[in-house]
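Undergrad: got a sequence here, can you model it:
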Amino acid sequence: MSGSVISAVSRSRIVFHQISRCLVMPAILVSCYGSYLNQGVWAQETPPAVEPPPALETGSRPVQEKPAQEKPAQETVAPSPDSVTPESATINPDKSRTPLLQVMDKAPIAHARDLSVAFRAASEKVLPSVVTILGQTKDIDPTQQALGFADEGDPSIYDSVGSGVIVDSSGLIITNNHVVAEAKRVLVRLYDGREIIAEDIRKDRDSDLATLRIKSDEPFPYTPLGNSDELGVGDWVLAIGSPFSLDSTVSAGIISGKGRMLEGMVRGQLIQTDASINPGNSGGPLVNLGGEVIGINTAIATRNGAFQGVGFAIPSNRVRWVTSELVDNGTVRRALLGVRTDRIPQSVAASWKLPPRGGAYVIQVTPNRPAAKAGIKVGDIIVQVGEYPIRTNTELGEIVEQLPVGEQMEVAILRDKERVVLPLKLESR
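TA: Presented below is the predicted three-dimensional model:
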C-alpha cells in the first residue's frame, strides 16, 4: 500500500510526494519538516457554567435541639500531615476543607518535582546548541534584489523551516537531509537570536542526515552525541526544535520502541518515541535526561498529518558514523557483503533449535561479491561478522555497511546445524 510523505512545505500548502511503501498502514509517514508560517491555532472553548446544587430541603416538623453538655477543656493540637486521612478531609463545621496537600502522600509530589528538575536541567543544558534552520527553495526575484528589497539576510525569502543541533564549538551542525536537500540558501538562527548563513553543506540521502557549518570569532555552545545503545524502552527523553516556527520548543516523552524500520524513507533502524514531534522539528535533537543527544528527529507516523504519538529519530551512534564520513570524505562510504537475507524460517529455527532472532538467513548470493568469494551459500545462517554477533537480517545490513572496506575479517555461519568460520574481505558499494 502506498502512502504519502511530507518532504517539503511552502508558505501556503504542504506538498506531498509518494513513497513506495508505508510501514504503518494505513498511516501516513510524515517527515517533520515545517512551514515557515504557522497556519492556524486551536480554538479554546469556554466550559459551561456550573450551577450550585439546590439547598437541602428539610421537613416541616421543627427539630428540637438538645442542650449541649459541657466537656472538659482539652488542648487543641493541629493534626500533622501524616495523621490526616482522606476520610477526615471532609467539610468542617466552619465550612472549611483540609488542604489537599495535607491529605496526599508527599512522595509522589517529591518524585514529580524531581522529574521536573531533571527536565529543566536537561533543557537548559541543550537549548543553547539547538538552532532553527531556514531554507530558501525558490529563486529571489532579480528585480527586487537589484532594488535592494531582498537579500540573503532577509527572513522573508526563506520558505521552509527545520531544526538542527551544534555538536562542536567550531560550528558543525547536524540536521536532516530533507531539511536542506532542496534549499538554494540556508540561514541558521541561533538560540541567542543571531542569524548566520550556513556553509559547506554535505548531505546523505540514504540516512536522511546532513552537516553544515557556521562561522564566528567566538566558540559556539554545543552538545555532544551520547550513546544510543544505552537507551531502553521506557526511558524519558526530550524532543527539542522549532515546530511551526516556534523556536526552542521542548516536549517530553519516553522511548516507545527500538529497531523500527521506515523502508523507502530512512536507511537503518530508528528509535520510536511519543515525545511530541511536529513540522519544523526535523533535524532537532532527541535528548536524554543527562542532556546528551541520543537521536535526530526525522519523521512521524500519522493518519491526519498531525502528530499522533508515534515519532521516529535516527540513533546517535548511527549519526556519529554518518557525520564522520561526511566531514572526512564529503560522502558516506558503505561496505558491501553481496547477499540478500531474511528472517530464519520457523521450520528451520525449530529443526535447528534456534531462537527466532538467531541470525540472518541467506536467500540469495551475488556472484563475484565478497559473500560469494568467502564461500557463503543460500540456506546459510550468518551469525557473526567480525566481532559483531548478528541476530536479524536488518541488523546484518546495518552492521556490515559501517565496517571498514578491504580489511580482512571473519564471518561465522551455521550450515547444516554446524558452525563454520570463513575469511571475508568487504568491498565498497
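Undergrad: what's the weakest-modelled helix or strand in this protein?
TA: strand 14-19 (a mean of 28; mean pLDDT, DSSP states H and E).
Undergrad: just the endpoints, please. Distance across stretch 232-240?
TA: 20 Å (Cα to Cα, to the nearest Å).
Undergrad: who touches whichever strand or helix holds Gly257?
TA: According to DSSP states H and E, Gly257 maps onto strand 249-262. Residues from elsewhere that reach strand 249-262 (Cβ atoms under 8 Å, 6 or more residues apart in numbering): 23, 29, 119, 123, 127, 231-243, 269-277, 281, 299, 310-312, 394-395. No exception for glycine: its C-beta is placed from N, CA and C like everyone else's.
Undergrad: buried residues in it?
TA: Neighbour-count burial for strand 249-262 flags Thr249, Val250, Ser251, Ala252, Gly253, Ile255, Ser256, Arg260, Leu262 (criterion: 16 or more other Cβ atoms under 10 Å).
Undergrad: tell me the helix or strand right after that strand.
TA: strand 266-273.
Undergrad: which strands or helices does that next one pack on?
TA: Under the contact criterion of 3 or more Cβ pairs under 8 Å, 6 or more residues apart in numbering; DSSP states H and E, strand 266-273 touches strand 249-262, strand 293-302, strand 311-315, helix 393-401.
Undergrad: what's the angle from that strand to strand 249-262?
TA: 130 degrees (axes from the mean of the first three to the mean of the last three Cα atoms, to 10 degrees).
Undergrad: which outside residues touch strand 266-273?
TA: Outside strand 266-273, the residues within contact range by Cβ under 8 Å, 6+ apart are 206-208, 228, 231, 237, 239, 253-262, 286, 294-295, 298-299, 310-315, 318, 394-395, 398.
Undergrad: which other helices and strands contact the helix or strand following that strand?
TA: Counting by DSSP H and E, the element after strand 266-273 in chain order, helix or strand, is strand 285-288. The criterion is 3+ Cβ pairs under 8 Å, 6+ apart, and the helices and strands that strand 285-288 contacts are helix 106-126, strand 236-241, strand 293-302.
Undergrad: and stretch 369-389, what's buried?
TA: Across stretch 369-389, burial judged by 16+ other Cβ under 10 Å covers Arg369, Pro370, Ala371, Ala374, Ile376, Asp380, Ile381, Ile382, Val383, Gln384, Val385, Gly386.
Undergrad: can you check stretch 419-429 too?
TA: By 16+ other Cβ under 10 Å, the buried positions in stretch 419-429 come out as Leu422, Leu424, Leu426.
Undergrad: need the three-state assignment for the first one.
TA: It stands for Leu422. strand (DSSP: H, G, I helix; E, B strand; the rest coil).
Undergrad: excluding its backbone neighbours, what's nearest it?
TA: In this structure, Leu422 finds its nearest non-sequential neighbour in Ala374, 4.6 Å apart by Cβ to Cβ, 6 or more residues apart in numbering.
Undergrad: could you pull up phi and psi at the one you found?
TA: phi -80, psi -20 (degrees, to the nearest 10).
Undergrad: so what's it up against?
TA: Contacts of Ala374 by Cβ under 8 Å, 6+ apart are Val411, Leu422, Pro423, Leu424, Lys425.
Undergrad: nearest to Ser156 among the buried residues of stretch 419-429?
TA: Leu426 (49.5 Å; Cβ to Cβ).
Undergrad: tell me which of the buried residues of stretch 369-389 fall in strands.
TA: Using DSSP state E, the subset of the buried residues of stretch 369-389 located in strands is Ile381, Ile382, Val383, Gln384, Val385.
Undergrad: not counting its neighbours along the chain, what's nearest the last one?
TA: Meaning Val385. The shortest distance from Val385 to any non-neighbouring residue, by Cβ to Cβ, 6+ apart, is to Val411 (5.2 Å).
Undergrad: just give me the neighbour total for that neighbour.
TA: Look at Val411: counted by other Cβ atoms under 10 Å, it has 24 neighbours.
Undergrad: next: the one 5 residues further on.
TA: By the measure other Cβ under 10 Å, the count of residues near Asp416 is 8.
Undergrad: relative to Trp352, how far out is it?
TA: 9 Å (Cβ to Cβ, to the nearest Å).
Undergrad: put the alpha carbons of the strand holding Gly257 into CSV.
TA: This file holds the C-alpha atoms of strand 249-262, laid out as CSV (Å, rounded to 0.1, in the frame of the first residue of the first chain):
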residue,chain,number,x,y,z
THR,A,249,10.3,24.3,21.9
VAL,A,250,10.8,21.3,24.3
SER,A,251,8.4,18.4,24.6
ALA,A,252,8.8,15.3,26.8
GLY,A,253,8.0,11.6,26.3
ILE,A,254,9.6,8.2,26.5
ILE,A,255,11.3,5.7,24.3
SER,A,256,8.4,3.7,22.8
GLY,A,257,10.4,1.2,20.8
LYS,A,258,13.8,0.5,19.2
GLY,A,259,14.8,-1.1,15.9
ARG,A,260,12.0,0.4,13.9
MET,A,261,12.3,0.5,10.1
LEU,A,262,10.9,3.0,7.6
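Undergrad: this completes my enquiry, with thanks.
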